[in-house]
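In: Fold the following, please.
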Amino acid sequence: MVKIKKGETYEIKDHQLYFSRFSVLFRLFRENKVSATKRWMQCKIIFFASLTQIFILLQRVFYKNKISSVDLSQQPPIFILGHWRSGTTHLHYLMTKDKRMGFASNYNVFLINICLLGKGWLDRILAPFLPDKRPMDNVRQTLYDPAEEDQAVANISTATGINVFFFPKNRTYFEKYTLMKGLSVKEKRHWQRAYQYALQLISYSSEQKRLVLKCPTNTARPTELKELFPGSKFVFIHRNPFEVYRSTRKLYKHSTESQYLQDVTEEEIEDCIFTNYTELMQSYLEKRGQLKSNDLIEISYDQLSKNPMETMRLIYDQLELGNWEEASTHILDYLQSVDDYEKNHFKPLPDRIVARIQKEWAFSFEIWGYSTIHGPEI
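Out: Have a look, this model is predicted:
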């Protein structure tokens, strides 16, 4: 599923929609024009999906009642919010070391339609094809490490904002299902059903432990999540905007662009990064005041990096997650195991990009107190 390039850099070559329901693919391809240069990938998606439709049907038949019986209100989810490349993955890995917590794994999200039916044999077949490290940041990963649940939703429904990363010329998905703007009552219910089903399935697969979920698209919709899951908790993490841009551009280069089914220019990708950040963060800022102080905590990437145990304890205390002493042992063990992790290094940004960040993301510098001076390589 990946192609290894020289050194320790990986570039994803295959597609997240390989194991989607045909009903999802039919709607996506009806609503969007696939570029001629991407037709081969479209054919591959249809081919792989055709191989799994019978298994998709069998899983829905055999597990329908078990999935629908999962009651998420008993242990409302904990949502990690923050823009891509802001430290959300690191925080997710830390919080899921608490043995009481469940999460969406790589196996769950990419194979949500057949993961229950294939557990025990399909995971063993696929494990060798997963790179040891993520392509955008060299973070170690396995088939059962935490992943983003919206990737699962994309395989069962069209009601997800990440469809914009498959069809970048159609921002309707992002506007409706990430920013939650312009939704009809029917469309909102469609999103609620699809998202809740995905979480019920993930919870069932996780022995119905309390879910800790990390998906940047959730950053724009905390109130909608609170409406759907009363009692849920939120951790928002932010990072220096210059670092976010540099790391996000690498994410697009080594991961996101491989998922495009439409041709886009470098200028369009740049505009997408700037627009997504602005709209995502401003939506969060508009809604965060509606959450209680014991339901939301804000931390910085620097704070978590420099004082991880102190920051984690602060999260547990403010959100009243309990059982810190037991959780701390496992979290500390994990931190020691990744002590040799080397962060990405980036060259200074071009002056044009620096000026654009300073102008368009000025609100972020001001609210979280970051310097607008672009420093040396980080």
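In: check contacts around residue 91.
Out: Applying C-beta atoms under 8 Å, 6 or more residues apart in numbering, we find residue 91 in contact with 80, 82, 214, 235, 237, 299, 304. In short, each C-beta sits where N, CA and C put it, glycine included.
In: One more: residue 277?
Out: The contact partners of residue 277, taken as C-beta under 8 Å, 6+ apart, are 83, 241, 244-245, 248, 361, 364.
In: what does residue 236 give?
Out: 81-82, 219, 284, 288, 296-299.
In: Would you show me how to pick out the buried ones of these in PyMOL?
Out: The buried residues among these can be selected in PyMOL (16 or more other C-beta atoms under 10 Å) with this line:
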select buried, resi 81+82+219+284+288+296+297+298+299
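In: Helices - which of the contacts of residue 91 land there?
Out: residue 304 (DSSP state H).
In: Of the contacts of residue 91, which is the nearest to residue 39?
Out: Distance to residue 39 across the contacts of residue 91 (C-beta to C-beta) is lowest for residue 214, with 33.4 Å.
In: Please, where are all the helices along the stretch 51-200 of the chain?
Out: Assigned by DSSP state H, counting those that start in this stretch, the stretch 51-200 of the chain shows helices spanning 88-95, 106-110, 115-118, 122-126, 150-153, 172-177, 185-205.
In: coming back round to it: from the contacts of residue 277, which land in helices?
Out: Those of the contacts of residue 277 lying in helices (DSSP H): 241, 244-245, 248, 364.
In: Now for these: which two are most distant?
Out: 248 and 364 (13.2 Å).
In: just how off-centre is stretch 208-221 within its chain?
Out: Its chain's average C-alpha position is 8 Å from that of stretch 208-221, according to C-alpha atoms, centre = their mean, to the nearest Å.
In: Let me see the mean pLDDT of that stretch.
Out: What stretch 208-221 shows for mean pLDDT is 97.
In: Then stretch 269-281?
Out: 97.
In: circling back: which one of the contacts of residue 277 is nearest residue 167?
Out: The nearest member of the contacts of residue 277 to residue 167, counting by C-beta to C-beta, is residue 248 at 19.1 Å.
In: can you put the helices of the stretch 51-200 of the chain in TSV and add mean pLDDT and distance to residue 224?
Out: Output for the helices of the stretch 51-200 of the chain, formatted as TSV (pLDDT from 0 to 100; distance: least, C-beta to C-beta, whole Å):
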stretch	mean pLDDT	distance to residue 224
helix 88-95	96	19
helix 106-110	90	20
helix 115-118	88	26
helix 122-126	66	32
helix 150-153	96	13
helix 172-177	97	10
helix 185-205	97	8
